[in-house]
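Q: here's a sequence, model it:
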Amino acid sequence: MNEPSRFLLLLALVSTYSLFSCNSDQSRKLSQTLGNDRYKVQINATLDSFNQAAARADYNAYFNFYTEDAIFTGTDATERWNKKEFMDWAKPIFDKGKAWNFTTLGRHIYFDNTGTIAWFDELLNTQMKICRGSGVLVKQGNEWKLKQYILSTTVPNELLDTVIKLKAPKEDSLIQRIK
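A: Residues are numbered from 1 along each chain as shown. Coordinates of the predicted model:
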């Protein structure tokens, strides 16, 4: 069943249930589920468009998906930037006409009780192979905006010891500096 049909079916169920139900808590929960399903469709579209904007190297469109006070955390331990810092870092990459091309392999979306804050985690197919994106979105008007985005690389368990040996010299010195 496609998303619009599913939405209409859920709307009909909520309406019918509301007419005949004496239990307002159950009715409220069903209405919230309906709203979350609609918001999941919006968030999936937002995150897909966000990734497509990067693939097109559309700097303005890409950064419009972030709140003004957003935080981006990248794969390197030193990459934690506010929106302005991330924009400054990314500008030369976008100016070359090619940024990054991430496609979603799978995504999970969750909501707080108000339906105005959502968080997600996803697996991405990238030039770095499989990565994990996760973050927090807030509803601003009719749009969902990224308040926080975290990109991390995945490491197969059987390769972890090798990866640790490769990164230890660089990260040991970083650990000492951070302490």
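Q: what about the residue lying closest to residue 67 once chain neighbours are set aside, helix or strand, and which?
A: By the measure of CB to CB, 6 or more residues apart in numbering, the closest residue to residue 67 outside its immediate chain neighbours is residue 145, 4.6 Å from it. (C-beta placed from N, C-alpha, C; glycine too.) Element membership of residue 145, judged by DSSP states H and E, is strand 143-153.
Q: before we move on, what about residue 85?
A: Applying DSSP H and E, one finds residue 85 within helix 83-95.
Q: list the buried residues for the helix or strand following that helix?
A: Beyond helix 83-95 in the direction of the C-terminus, DSSP H and E gives the next helix or strand as strand 103-111. Across strand 103-111, burial judged by 16 or more other CB atoms under 10 Å covers 107, 109, 111.
Q: show me what contacts the first one?
A: The one in question is residue 107. Counting by CB atoms under 8 Å, 6 or more residues apart in numbering, residue 107 touches 44, 47, 120, 121, 122, 123.
Q: tell me the buried residues in stretch 97-104?
A: Those would be 99, 100, 102, for stretch 97-104 by 16+ other CB under 10 Å.
Q: which residues of this structure fall in helices?
A: 3-20, 24-55, 59-64, 83-95, 160-178 (DSSP state H).
Q: compare the ones you listed and say which comes out lowest on pLDDT.
A: Of all the helices of the chain, mean pLDDT reaches its minimum on helix 3-20 (a mean of 48).
Q: related to what we said a few turns ago, need the contact list for the residue nearest to residue 67.
A: Residue 145 touches 65, 66, 67, 70, 137, 138, counting by CB under 8 Å, 6+ apart.
Q: cool, residue 116 as well?
A: Residues near residue 116 by CB under 8 Å, 6+ apart: 138, 139.
Q: gap between it and residue 47?
A: The gap separating residue 116 from residue 47 is 17 Å, by CB to CB, to the nearest Å.
Q: over to residue 76?
A: Taking CB to CB, one finds residue 76 at 22 Å from residue 47.
Q: those two: who's more crowded?
A: residue 47 (23 against 12; other CB atoms under 10 Å).
Q: check the contact between that one and residue 120; I expect there is one.
A: Yes: the pair residue 47 / residue 120 is scored as a contact, 7.0 Å apart, by CB atoms under 8 Å.
Q: bridging residues for the residue nearest to residue 67?
A: Beta-bridge partners of residue 145, counted by DSSP bridges, are residue 138.
Q: model confidence for it, exactly?
A: 98.
Q: and it, how far is that from residue 135?
A: 10 Å.
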